[in-house]
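1. Next one to model:
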Amino acid sequence: MNPRRYGYAVAGLALLLLGGLGVYFSGKLQPYETTIEHGPAPKARQDPYLAAHLFLLDQDRRVTRSESFASMPATNEVLLLLGERSAMTPLQTQRVLEWVSEGGHLVFVAERLWDEHSARSGDLLLDALNLQQHLATDHLPADEAARAIGVKDQPQLTRLYLENEDAPVYLAFDTDYHLYDAGQRAHAWANSAGATHMLQLRHGEGLVTALTDSWIWQNDRIKEYDHAWLLWYLTQDRAVTLAYHGEHDGLFTQLLRHFPEALASLALMLLFATWHFAQRQGPLLPPPDHSRRQLEEHLRASASFLYRHAGPRQSLAMLQQDIQRRARQRHPGFEELAVAEQCRVLATLSRLPLPTIEQVLRPAPAKIGVSDFTRQVAHLQRIRNAL
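-> Numbering: from 1, shown residues only. Below you'll find the model as predicted:
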């Protein structure tokens with residue numbers, strides 16, 4: 001058979017086989033639909049009250065988000081303080097309450113428990129309005145507190161009764177906390193089985209609503225019970241300002257938020273500058289060979305060290321002192337001789353001219369050349385060896 005025709009035949013059989021397998025498996029396959037949950041969107045993860053924001057927009061409200069108390073909203077609006085207020089200053093507290101007294105509606109969350117010893121809670125808004133927050137079991141009799149603890153795992157809903165309404169509004173507040181109106185000014189409230197979770201009172205021309213928590217309006221809980229309805233009821237017919245943060249962000253936080261690229265560039269510049277100035281100056285010395293341990297190398301290294309740090313005068317002085325010490329040891333009475341007699345004795349022993357002996361034993365000058373230093377060292381070593 002022609003090889004070309006044989007190849008065509010094999011290719012045709014392979015195509016037929018693949019076609020048959022495709023028809024077989026296509027009959028076995030069945031299409032189906034599935035939903036893959038990716039969780040909340042990044043915007044929802046960053047904003048826990050995004051659903052409440054969108055809900056108010058659907059009610060045709062004008063919603064403004066504020067992150068500080070730099071400017072107060074208009075007096076006919078509702079201010080929702082849902083964020084952390086631990087850094088709220090007395091001046092900011094006074095400004096908010098003045099805004100309420102002029103006709104604003106403030107909705108805020110109690111953040112601190114009442115302290116009986118200091119007679120204050122530390123929450124500036126609560127203390128200014130004469131409101132107190134306690135643990136729910138603290139104000140109950142012992143038997144009722146025990147029963148409340150026993151049914152803690154069971155859902156206990158808060159009920160809000162309205163005029164001209166037969167059925168109450170059901171809310172899932174955290175039943176661990178209780179609001180107490182120490183000034184007896186509240187005209188509306190919402191209670192669970194053993195605690196009060198919402199108080200509403202007049203303040204000047206405005207209205208204040210205090211809550212034990214605002215979790216009922218977060219993204220994952222606003223759809224439950226009557227949570228969305230309560231948000232509509234408290235803000236109806238008014239524009240809304242959502243304040244997520246009651247304190248001013250620090251300089252670094254603002255720079256990080258608005259200029260992250262500039263901060264990253266500055267950090268890289270500081271890193272490279274530190275690396276540059278931390279470099280060694282000059283070439284790196286090769287690592288020493290630890291196998292070289294000869295006495296001559298140690299002597300050379302010691303002499304080089306002394307020459308660099310003490311100078312040539314010190315080296316010559318040390319040689320002269322060594323000669324005097326050896327002469328006293330080898331020739332008793334040498335130190336009692338006059339200087340001229342000592343020079344003659346050394347000249348005789350070393351066979352050097354007397355003027356040379358006298359010259360090398362004198363103190364060295366402040367500045368001495370390399371050749372003179374070498375010559376004097378050679379003469380002194382010859383005298384020392386002769387001893």
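
2. Can you pull the poorly scored residue ranges out of the stretch 1-150 of the chain?
-> 1-10, 24-29, 39-40, 67-70, 138-150 (pLDDT under 70).

3. Repeat that for the stretch 201-350 of the chain.
-> 244-250, 279-282, 288-293, 295, 299, 307, 309-311.

4. Helices of that one, start to end?
-> For the stretch 201-350 of the chain, helices defined by DSSP state H, counting those that start in this stretch occupy the ranges 227-235, 251-258, 260-277, 295-310, 312-330, 339-350.

5. Columns distance to R221 on top of those, output as a markdown table?
-> To be clear about C-beta, it is placed using only N, CA and C from the backbone, and glycine gets the same treatment. Below are the helices of the stretch 201-350 of the chain laid out as a markdown table (distance: least, CB to CB, whole Å):
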| stretch | distance to R221 |
| --- | --- |
| helix 227-235 | 6 |
| helix 251-258 | 28 |
| helix 260-277 | 32 |
| helix 295-310 | 79 |
| helix 312-330 | 87 |
| helix 339-350 | 107 |
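
6. most tightly surrounded among these?
-> Among these, helix 227-235 has the highest mean neighbour count (mean count of other CB atoms under 10 Å), at a mean of 18.

7. which residues are in contact with that helix?
-> For helix 227-235, contacts defined as CB atoms under 8 Å, 6 or more residues apart in numbering pick out 52, 55-56, 59, 61, 78, 80, 105, 107, 160, 169, 171-172, 209, 216-217, 221-222.

8. again with stretch 333-342
-> Applying CB under 8 Å, 6+ apart, the contact partners of stretch 333-342 are 324, 327-328, 345.

9. which one of those residues sits closest to D237?
-> D237 lies nearest to Q324 out of the contacts of stretch 333-342, by CB to CB, at 112.8 Å.

10. mind giving me the domain ranges of the protein?
-> 43-251, 297-386 (automatic domain parsing).

11. for the ones you listed, which one ends up most surrounded?
-> It is domain 43-251: most buried of the domains of the chain by mean count of other CB under 10 Å, with a mean of 16.

12. What is the linear distance spanned by that domain between its boundary residues?
-> With CA to CA, to the nearest Å as the measure, the ends of domain 43-251 fall 24 Å from one another.

13. just stretch 198-212 next, same as before
-> For stretch 198-212, the first-to-last residue distance is 7 Å (CA to CA).

14. for stretch 100-111, same thing?
-> By CA to CA, the extent of stretch 100-111 from end to end equals 19 Å.

15. ok, and what's touching it?
-> By CB under 8 Å, 6+ apart, stretch 100-111 touches 72-82, 84-86, 96, 99, 123, 125-126, 131, 133, 177, 179, 203-214, 234-235, 238.

16. Could you rerun that using 6 Å?
-> The contact list for stretch 100-111 (CB atoms under 6 Å, 6 or more residues apart in numbering) reads 75, 78-81, 85, 123, 125-126, 133, 203-212, 214, 234.

17. Among these, which ones are in strands?
-> Secondary structure from DSSP state E places 78-81, 133, 203, 206-211 of the contacts of stretch 100-111 in strands.

18. For K367, state which of those is nearest.
-> So of the ones in strands among the contacts of stretch 100-111, ranked by how close each gets to K367 (CB to CB), first place is L81, at 84.1 Å.

19. Run through the residues that contact A262.
-> Counted by CB under 6 Å, 6+ apart, A262 has zero contacts.

20. where do the helices sit along the stretch 51-200 of the chain?
-> When assigned using DSSP H, counting those that start in this stretch, the helices of the stretch 51-200 of the chain occupy the ranges 90-101, 124-128, 142-150.

21. Distance of G22 relative to L16?
-> Counting by CB to CB, to the nearest Å, the gap from G22 to L16 is 11 Å.
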